[in-house]
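In: Quick one, fold the following:
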Amino acid sequence: MNNLDADAIRQNLGETAAARLGSLDVFAEIDSTNSYLLQQPAPGKIRVAATDNQTAGRGRHGRTWQSPAGTGLCLSVAYTFPSPPENLPALTLAIGLGVIEALKELNVTNVQLKWPNDLIAMDDKLGGILTESRGQPDGAVTVVSGIGLNIDLDDRLDDFPGMDEGRRAIDLKSQVADLPDWNRIAAGLVRGIGKAIVDYEAAGFAPFSRQWSEHDWLFGREVTIDTPQGEIKGKAAGIAEDGALLIDTLLGGRQQVTSGSVHVAGIGERGS
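Out: This is a model prediction of the structure:
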């Protein structure tokens, strides 16, 4: 099992990211890093919780995130916005792009994003992002964004199905010649996510929307979206400036989707 170390993570942050960071908690085991941070007082600076052994991780729509000891990195970042940020759901997309930049620094260059919160490599699931928020009495909003990243699934790939569509899990080890030190990976994620949050607070989602197309795994694929209003079928056509998913439908023209579960034609037939 890998041993994460708070001091080693801090040493790999770099000056700017270190200045943004308040507290950093590393756990040998925890139920959920997101749940832990949501229970803490509103942080003045960025606060981070990390583990390689999460026992009760959560995904979107009530799903679970499997991360047995030593197989993956679970890392959550909390930040308090003085007032509710405009278009908060799009923050997850911005953080996904921050993770992409962090992985590029580790020479992992083939990762794409599946709207709104999945990390994809070789058409399989490398990780996922879950963003949650909690209002404060003074009107501020604390946002907690957690990432689960498969690092080294060893020979157990078939034991880690993706959360949807039958897509299998894939790990970071399979994407690089030499797997970086886990503390360096964690530091990169803290750096990338922290920068995304700060940039989002300063300028909203607009600067990120222009980057999304470079990493859009869904673009051009036939999809079915389960939404609260019903099912939408069509071809994914990128995202709008506010982060909504664009779908070109056969009869209804182009539609925008702000919330829903995305299923990709053909992908569900693969894997376990």
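In: Neighbours of residue 93, how many?
Out: Neighbourhood size, residue 93 [other CB atoms under 10 Å]: 28. Any C-beta I mention is one placed from the backbone N, CA and C, and that applies to glycine too.
In: do the same with residue 86
Out: 10.
In: before we move on, what about residue 109?
Out: Residues near residue 109, counting by other CB under 10 Å: 10.
In: Give the phi and psi angles for the residue nearest to it when sequence neighbours are not counted, as a check.
Out: Distance criterion CB to CB, 6 or more residues apart in numbering; nearest residue to residue 109, sequence neighbours excluded, is residue 103 at 7.7 Å. Per-residue torsions, residue 103: phi -70, psi -30 (degrees, to the nearest 10).
In: per-residue pLDDT, residue 103?
Out: For residue 103, the model assigns a pLDDT of 97.
In: This protein: helices as residue ranges?
Out: Using DSSP state H, the helices of the chain run over 6-11, 15-20, 33-38, 91-105, 182-203, 206-212.
In: Reformat these as CSV; add distance to residue 115.
Out: Formatted as CSV, these follow (distance: least, CB to CB, whole Å):
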stretch, distance to residue 115
helix 6-11, 30
helix 15-20, 27
helix 33-38, 20
helix 91-105, 7
helix 182-203, 16
helix 206-212, 8
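In: Which of those helices comes out lowest on mean pLDDT?
Out: Looking at the helices of the chain, the lowest mean pLDDT belongs to helix 206-212 (a mean of 93).
In: Just name whatever secondary elements that one is in contact with.
Out: Under the contact criterion of 3 or more CB pairs under 8 Å, 6 or more residues apart in numbering; DSSP states H and E, helix 206-212 touches helix 91-105, helix 182-203, strand 230-239.
In: buried residues in the second one?
Out: Buried residues in helix 182-203, counted by 16 or more other CB atoms under 10 Å: 182-183, 185-200.
In: Which residue, other than its chain neighbours, is closest to residue 108?
Out: residue 175 (5.3 Å).
In: who are the neighbours in contact with the nearest residue to residue 21 once chain neighbours are set aside?
Out: In this structure, residue 21 finds its nearest non-sequential neighbour in residue 46, 5.3 Å apart by CB to CB, 6+ apart. Taking CB atoms under 8 Å, 6 or more residues apart in numbering, we find residue 46 in contact with 20, 21, 22, 77, 78, 79, 190, 194, 197.
In: For the residue most central in space within the chain, which residues count as its bridge partners?
Out: With distances taken as CA atoms, centre = their mean, residue 129 lies nearest the centre of the chain, 2.5 Å away. Per DSSP bridges, the residues bridged to residue 129 are residue 147.
In: I figured it was touching residue 114, is that so?
Out: No. Counting by CB atoms under 8 Å, residue 129 does not reach residue 114; the two are 10.6 Å apart.
In: related to what we said a few turns ago, tell me which of the helices and strands packed on helix 206-212 lies nearest to residue 152.
Out: helix 182-203 (9.0 Å; CB to CB).
In: pLDDT-wise, which helix or strand of this structure ranks last?
Out: The weakest-scoring helix or strand in the chain, judged by mean pLDDT, DSSP states H and E, is strand 64-67 (a mean of 59).
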